[in-house]
Structures are given as C-alpha cells and as structure tokens.
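**Q** sequence and computational prediction follow.
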Amino acid sequence: MSETLRAFRHNAVHVRQALAPAAPDTGRLQVDAGYLEDAGRFDRYKRLSIPVRRALNDSDRASFAAALAALQSAPATSEACRDAATAWQRLRQELDSTVVLGGTKVPRREILASWLDAAAFYDPLDRDRAYDHLIERWGKAAEAIGAELTEDAARAILGLDEAAAAALGEPVILPPPARTPPPPPDPKAPWWRRLI
C-alpha cells in the first residue's frame, strides 16, 4: 500500500507545483486567430497535464484509481478519503458524459485525452501540431472543456493526496525532490576536456 501511495504522492507534488500562482509576466495577453489568448497558458497546462495524465492512467504507478483502492483497503477510511472517492466518482461521471461538438456527440473523456496530449507535447515548432489538430477537429470549445476537466482532475488528485498524507503520517505539502548532482568527470578524458 505505501509504495502505491508514495508514487501517487510524488506525482501529486508536480500537480501542486503546476497549480501554484504563476509569475506576473506569464499572463501577457495576445491575439491569436481573432481570440484573446493568455501567452503563458500552455506553459501552465504543460506542467499540469503531464502529472494529470499519469494519475488518470490506470496502468501507471501513480494512478489515482490504484491509490484510492489502496486507501480504501485500509482498516479505517478517513473522511478525506471518502471525499476524494466522491470527487473521483463525480469526475468519472463527467468524463463519461457527452457534449455535442461539430454536429456529433463526443465523450468528454476523449476531449480530455486529446487536450492532455496536445498540452503535454505542445511545441510551437513541432510538425505534428497536436494542438492544431484538436482545434481543427472540435474548435476552441474543446480547449475550454479540456482545460476545465484538467483542473477538476487536479483538484481530485490534491484531495486524495491529502488523504494519502494523513494515512502515511506525512505532511500534506512534500518538499520538492532533490536535484541529482552532475556526474563526476571521466578520469580517462584528456585534462583540457574536463575543464570545459
């Protein structure tokens, strides 16, 4: 149980960092294709989409479903765990519902998956252009739906993180992971290369 919860908690650290208030200069507004856009939105959603994708993937070590199951199998289930289970059920119902975009019914789960892929792998110089395909397929409404569902999932993740912290006896806000030190210089390399 503890390994599953620890993997989930380490992923939740990234969700918490991504939801932290942005620096004041990242909120610049610009006009893009006739829409008023926040220039830093992809940076924020890119940081948020990667840990949210991991939590929503049932086969990932940091899976929300696995962490919730581990907490619910504990002898005493806390109020925070029950609240997180309710939020998870509500999110799953929302993801199973459909919305009409482009004249067809589209499951919100499909929109969220496309949005998370587009945000996680967004690169303005990329030739794949996942974001452009998302907009071409469903329009700007898909971006708004995807962003809202991403934030709903992030709130559910943080709620379960609080329950996991209580179950493990850890503080709610974990310190960021320590940076890995650089490797030592290769002793076989020439002396002038080690200086560079």
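**A** Right, received. Where do you want to start?

**Q** any idea how many residues pack against Trp115?
**A** The number of residues packed around Trp115, counting by other CB atoms under 10 Å, is 25. Backbone N, C-alpha and C define where each C-beta goes, glycine included.

**Q** got a pLDDT number for the residue nearest to it when sequence neighbours are not counted?
**A** Computed as CB to CB, 6 or more residues apart in numbering, the closest residue to Trp115 that is not its neighbour in sequence is Gly146, at 2.5 Å. With respect to pLDDT, Gly146 scores 93.

**Q** go on, Pro187?
**A** For Pro187, the pLDDT comes out at 79.

**Q** which parts of the helix or strand hosting Ala7 are buried?
**A** Per DSSP states H and E: Ala7 is located in helix 2-19. Counting neighbours by 16 or more other CB atoms under 10 Å, one finds that the buried residues in helix 2-19 are 4-9, 11-16, 18-19.

**Q** need the max-distance pair from the residues you listed.
**A** The largest separation in those, counting by CB to CB, is between Thr4 and Leu19 at 22.7 Å.

**Q** output the below-cut-off pLDDT ranges for this protein.
**A** For the chain, the stretches flagged by pLDDT under 70 are 1, 22-41, 76, 124-128, 177, 194-196.

**Q** which residue, other than its chain neighbours, is closest to Leu149?
**A** The spatially closest residue to Leu149, leaving aside those adjacent along the chain, is Leu112, at 4.5 Å (CB to CB, 6+ apart).

**Q** distance of the most centrally placed residue in the chain from Thr104?
**A** By CA atoms, centre = their mean, the chain has its centre lying nearest to Val52, at 2.5 Å. Distance of Val52 to Thr104, given as CB to CB, to the nearest Å: 25 Å.

**Q** again, but for Ala70
**A** According to CB to CB, Ala70 and Thr104 sit 38 Å apart.

**Q** who's more crowded, the two?
**A** Neighbour count, other CB under 10 Å: between Ala70 and Thr104, Ala70 has more, with 18 against 9.

**Q** so the more buried one is in contact with Ala7, correct?
**A** No. Contact status for Ala70 versus Ala7: not in contact, 10.2 Å apart, counting by CB atoms under 8 Å.

**Q** all set now, cheers.
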